[in-house]
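Novice: here is the input, now give the coordinates:
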Amino acid sequence: MTFNRLVLFAALAAAAMLAGAFMFQAAGYVPCQMCFWQRWPHGIAAALGLIAVLTQLRGVAWLGALTMTISAGLGAYHTGVERHWWPGPASCTGGDVSGVSADDLLNQILSAPLVRCDEIPWRLSDWIPLDILDLTMANFNAVGSLVLVGVWIAAARR
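Specialist: Here you go, the predicted model:
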């Protein structure tokens with residue numbers, strides 16, 4: 001494949017993943033803070049694709065690969081938070097309340113975001129009843145972004 005085709009594929013795929021996130025949101029799945037973080041790299045990658053095609057600079061493709069690597073990392077981190085493998089940011093997950101006064105705890109509850117990052121709102125296994133398909137949006141983002149890292153690298157090496 002040519003440089004332009006690889007870049008266009010990577011940029012359009014990133015834009016499609018971003019559009020998919022907005023479609024889930026429109027369908028009533030309210031995103032958490034980490035979901036919003038994962039959207040930024042896709043928007044940046046789509047813009048980088050346009051820049052790369054217009055300038056033909058291979059360095060822009062390397063930036064695309066870096067951007068999708070960040071997206072994959074965010075998706076993997078969010079996956080671990082969802083599965084309770086490690087704690088997430090205090091701003092969108094539950095935390096330790098020992099030593100917190102009742103007034104401070106009430107203030108934290110009232111100022112907390114409505115959507116928690118450590119709860120899974122959608123699973124593929126809810127639609128296709130196979131345990132092996134217990135995949136979430138964060139999982140799809142991590143894997144899809146890793147695939148796009150490879151596409152961006154292939155473009156940069158052309």
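Novice: now do the same contact list for the nearest residue to residue 131 once chain neighbours are set aside.
Specialist: In space, and not counting its chain neighbours, residue 131 is closest to residue 125: 6.5 Å by C-beta to C-beta, 6 or more residues apart in numbering. C-beta: built from backbone N, CA, C; applies to glycine. By C-beta atoms under 8 Å, 6 or more residues apart in numbering, the contact set of residue 125 is 131, 133-135.
Novice: helix or strand right after the lowest-mean-pLDDT helix or strand in the chain?
Specialist: One helix or strand of the chain scores below all others by mean pLDDT, DSSP states H and E: helix 102-111, with a mean of 69. Sequence order places helix 137-156 as the next helix or strand after helix 102-111, per DSSP states H and E.
Novice: give me the buried positions along that following helix.
Specialist: The neighbour-count check on helix 137-156 (16 or more other C-beta atoms under 10 Å) flags 137-142, 144-146, 148-149, 151-156 as buried.
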